[in-house]
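Novice: I would like the atomic coordinates for the input below:
(one chain, ligands or ions: 1)
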Amino acid sequence: MSSSPADRPQPVPSDTSPLVGFFGVFRYSRRALELVWDTSRALTIGLALCTLVAGVLPAVAAWVGQLIVDAVVAAMQSQRETGDAALWPVLRYVLFEALVIALIALAQRGLSAQQSLLRALLGQKVNVMILEKAGTLSLAQFEDSELYDKLTRARREASARPLALVNKTFTLAQNAISLLSFGVLLVQFSPWAILILVIGAMPVFVSEAKFSGDAFRLFRWRSPQTRMQMYLETVLAREDSIKEVKLFGLGSLFLERYRAIFDALYAEDRRLTIRRDTWGFLLGLLGTLAFYGAYAWVVIETVGGNLTLGEMTMYLMVFKQGQAALSASLTAISGMYEDNLYLSNLYEYLEQPVETDSGTLTEGAIPGDGIRFEHVGFTYPGTDTPVLHAISLHLQPGESLALVGENGSGKTTLIKLLTRLYSPTTGRLLLDGSDLREWDIQALRRRIGVIFQDFVRYQLQVGENLGVGDVDAFEDEARWQAAARSGLADDFISRMTSGYRTQLGRWFKHGQELSGGQWQKIALSRAYMREGADILVLDEPTAAMDAAAEAKVYARFREHSHDKMTILISHRFSTVRAADQILVIDRGRIVEHGDHATLLTRNGLYAHLFRLQAKGYQ
Ligand SMILES: Nc1ncnc2c1ncn2[C@@H]1O[C@H](COP(=O)(O)OP(=O)(O)OP(=O)(O)O)[C@@H](O)[C@H]1O
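Specialist: Numbers count the residues shown, from 1 in each chain. Okay, the predicted model is just below:
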């Protein structure tokens, strides 16, 4: 299993005291409540009201129960003494109790109806928050495995967790209200009875708090394993990886690894569950013992004539329901730890600091100066080895630049710096005389049309796959067609069943798949959608095309780019040789720089590689 530093279990705050742990369950309740409040005030108020009603009414029902029994006893006595007893005084209490029970049912229905409405609204709200935040993160942040982990976990449980936490907080409140109102009734019997009940319940509370804390820590600690499980699920069940999984027979190997991770996690879970439930049961017995001790006390007092039958009925009901309320509270508390874990993850993700795009320039200090790299060096975040060293170059409008170098020499990285996906670690990069960092990021990106080797194959319509190249013309059919003509894609698109409206990819009905070369033509056309761009960057755009298509692509490219700056990355010297400047990069350094003729006469690395490839074609 991978064990990069980011994957290692993170140190966990050691708030091991059970009480600190206990109050920890409320850490995110306030924030969850705010979130729910922002989502729908009416539903939140409704939820709170129903909680209150459902919390108080059980005690009222118990009290009415007492009134019924006492009224029955009085009526029986009057029947015995006078041979007549009025029924209404008894029946009105029965009616009242029926009303109270109906109200409890109404409150509970109200709770579940409002909860399901809130769940839908909240799921949508949290998902939008997560995705909006994703739009503000830098590429480097996306590549940070820990942040990515937070993002995926936040998305997986977006709809359920915040509401679950609010529900459990409310359940706890409801049960606390019930317990309090039971207490009000019970205190008339004896304050000692309450004390006995509270003391009896304490041990199980403490143990629940301790084990829930352990579970919380366990969840956090095992996050890398869970992530690996999620990854294996994706590889085993996604159409883009299934081809290799089948051909290499990886299915059982990966499934085995998936099972092994589960087994290890399950063993830990089982140990914790057994310990938690054994202790829960033993300590719970203490509580039960206290309850039934108090129960026996009430019975003895009634037999001794100190309590009426009605009071006895009420107290017994209070004890029974009190115990139920207590165990519901415990269940809520242990579930709240898990919800807290989710919310801490969600908020850590949402509060991730974003790099501010400080620049505001929409025009450079020296318009027409072009692109300048001045001693640019770069090290990827989270690594120590520089991948670019002291790169300097100047590209003017109308000029073309080709980058040549072995795999991993740093060509794509250079483009990532130019497009400000990253900023240089040393040196600076200028466009029209102004540092890229001073440019307004949108203005800068409008000027650049780029296709990376790993361009995206959107599962959208063909036309939309072109339209993404310029969001302002996303739906503009005339622009799609013009771009497709420039990218040599119009031919095959017009032969497709629904032309530009054909759905691509296999995820949706009637989706069609394209060949590798056809996809590249789509990507190329996408770059041509950027009509305002005067910097065109093609990172190995023709690797999957046949030779005739490639020759045509470059002829068209040159037509388009006579007044633009073009940067081309290619391993094919037949395309590289036409560039005005050729930069040969080796392990992040410029080793040769010049045009084709100059570099051949220098007889260096370029000449060597060129001849090697030419020989291959003979
Ligand atoms: N996101 C990243 N994080 C860390 N290191 C990276 C990242 N992307 C690339 N690298 C490293 O940077 C170096 C340069 O990679 P780059 O993609 O720029 O090479 P390239 O010249 O474009 O290669 P190729 O010809 O294979 O496309 C490589 O050593 C690579 O391992």
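Novice: Assess the claim that residue 218 and residue 270 are in contact.
Specialist: No - using C-beta atoms under 8 Å, residue 218 makes no contact with residue 270, being 11.8 Å away. (C-beta placed from N, C-alpha, C; glycine too.)
Novice: So which of those two has more stuff around it?
Specialist: Set side by side, residue 218 and residue 270 show more neighbours around residue 218, with 16 against 10, by other C-beta atoms under 10 Å.
Novice: for that one, what are its contacts?
Specialist: Contact analysis of residue 218 by C-beta atoms under 8 Å, 6 or more residues apart in numbering lists 268-269, 272.
Novice: rerun at 10 Å
Specialist: Shown in contact with residue 218 (C-beta atoms under 10 Å, 6 or more residues apart in numbering): 12, 265, 268-269, 271-272, 341.
Novice: Is it in a helix, a strand, or coil?
Specialist: helix (DSSP: H, G, I helix; E, B strand; the rest coil).
Novice: how much space between residue 204 and the ligand?
Specialist: Relative to the ligand, residue 204 is positioned 50 Å away (C-beta to the nearest ligand atom, to the nearest Å).
Novice: any idea which of the contacts of residue 218 is closest to the ligand?
Specialist: Ranked by distance to the ligand (C-beta to the nearest ligand atom), those are led by residue 12 at 27.8 Å.
Novice: what's the lowest-pLDDT member of the contacts of residue 218?
Specialist: On pLDDT alone, residue 12 ranks lowest of the contacts of residue 218, at 41.
Novice: What strand or helix carries whatever residue of the stretch 151-300 of the chain ends up closest to the ligand?
Specialist: Closest contact between the stretch 151-300 of the chain and the ligand, by C-beta to the nearest ligand atom, is at residue 151 (16.7 Å). In this structure, residue 151 sits in helix 145-156 according to DSSP states H and E.
Novice: what does residue 404 give?
Specialist: strand 400-405.
Novice: Does whichever helix or strand comes after that strand reach the ligand?
Specialist: Using DSSP H and E, the helix or strand that follows strand 400-405 towards the C-terminus is helix 411-418. Yes - under the criterion of C-beta under 6 Å from any ligand atom, helix 411-418 makes contact with the ligand via 411-413.
Novice: Let's see the ChimeraX selection covering just the buried ones among these.
Specialist: Entered in ChimeraX, the line below selects the buried ones among those, by 16 or more other C-beta atoms under 10 Å:
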select :411,412,413
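Novice: could you measure residue 447 against residue 511, distance?
Specialist: 34 Å (C-beta to C-beta, to the nearest Å).
Novice: More neighbours: which of those two?
Specialist: residue 447 (18 against 14).
Novice: near the ligand, which residues of the stretch 251-400 of the chain?
Specialist: So the stretch 251-400 of the chain meets the ligand at 380, 383, 387 (C-beta under 6 Å from any ligand atom).
Novice: Tabulate those residues (a markdown table), appending secondary structure and pLDDT.
Specialist: A markdown table is the format used below for those (DSSP: H, G, I helix; E, B strand; the rest coil; pLDDT from 0 to 100):
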| residue | secondary structure | pLDDT |
| --- | --- | --- |
| 380 | coil | 92 |
| 383 | coil | 89 |
| 387 | strand | 95 |
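Novice: Any quick ChimeraX command for the buried ones out of those?
Specialist: Burial among those is assessed by 16+ other C-beta under 10 Å; the matching ChimeraX selection reads:
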select :380,387
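Novice: now, among the residues of the stretch 251-400 of the chain next to the ligand, which is nearest to residue 285?
Specialist: Checking those against residue 285 by C-beta to C-beta gives residue 383 as the nearest, at 56.9 Å.
Novice: Tell me where the stretch 51-200 of the chain has helices.
Specialist: 88-136, 139-142, 145-156, 161-187, 191-221 (DSSP state H, counting those that start in this stretch).
Novice: pLDDT averaged over the longest one - what is it?
Specialist: For helix 88-136, mean pLDDT rounds to 91.
Novice: Pull the distance from it to the chain's centre.
Specialist: Using C-alpha atoms, centre = their mean, to the nearest Å, the distance from the centre of helix 88-136 to the centre of the chain it belongs to is 27 Å.
Novice: Packing partners of that helix?
Specialist: Under the contact definition 3 or more C-beta pairs under 10 Å, 6 or more residues apart in numbering; DSSP states H and E, helix 88-136 sits against helix 29-39, helix 41-82, helix 145-156, helix 161-187, helix 309-350.
Novice: which residues sit against the first one?
Specialist: Which is helix 29-39. So helix 29-39 is contacted by 28, 43-45, 47-48, 117-118, 120-126, 129, 161-170, 172-173, 336, 339-340, 342-344, 346-347 (C-beta under 10 Å, 6+ apart).
Novice: The same query, at a cut-off of 8 Å, please.
Specialist: Taking contacts as C-beta under 8 Å, 6+ apart, the residues outside helix 29-39 that touch it are 43-44, 47, 118, 121-122, 125-126, 162-163, 165-166, 169, 336, 339, 343, 347.
Novice: which of those are buried?
Specialist: Buried, going by 16+ other C-beta under 10 Å: 43-44, 47, 118, 122, 125-126, 162-163, 165-166, 169, 336, 339, 343, 347, out of the contacts of helix 29-39.
Novice: which one of those sits closest to residue 92?
Specialist: Taking C-beta to C-beta as the measure, residue 92 sits nearest to residue 47 out of those, at 32.4 Å.
Novice: who's in contact with that closest one?
Specialist: Neighbouring residues of residue 47 by C-beta under 8 Å, 6+ apart: 36, 111, 114-115, 118, 166, 170.
Novice: May I see the buried residues of stretch 435-444?
Specialist: Residues 435-437, 439, 443-444 are the ones in stretch 435-444 that count as buried (16+ other C-beta under 10 Å).
Novice: Flag every buried residue along stretch 249-266.
Specialist: 250, 254, 258, 261.
Novice: What about these, which are in helices?
Specialist: 254, 258, 261 (DSSP state H).
Novice: Would you reformat those residues as a markdown table and include distance to residue 614 and pLDDT?
Specialist: Supplementary listing: those in a markdown table, determined by distance: C-beta to C-beta, whole Å; pLDDT from 0 to 100:
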| residue | distance to residue 614 | pLDDT |
| --- | --- | --- |
| 254 | 43 | 94 |
| 258 | 49 | 95 |
| 261 | 51 | 92 |
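Novice: Tell me the residue in this protein that is farthest from the middle.
Specialist: Within the chain, the residue lying farthest from the chain centre (C-alpha atoms, centre = their mean) is residue 82, at 75.4 Å.
Novice: confidence score at it?
Specialist: pLDDT at residue 82 comes out at 89.
Novice: what do you get for residue 11?
Specialist: Confidence score, pLDDT, at residue 11: 39.
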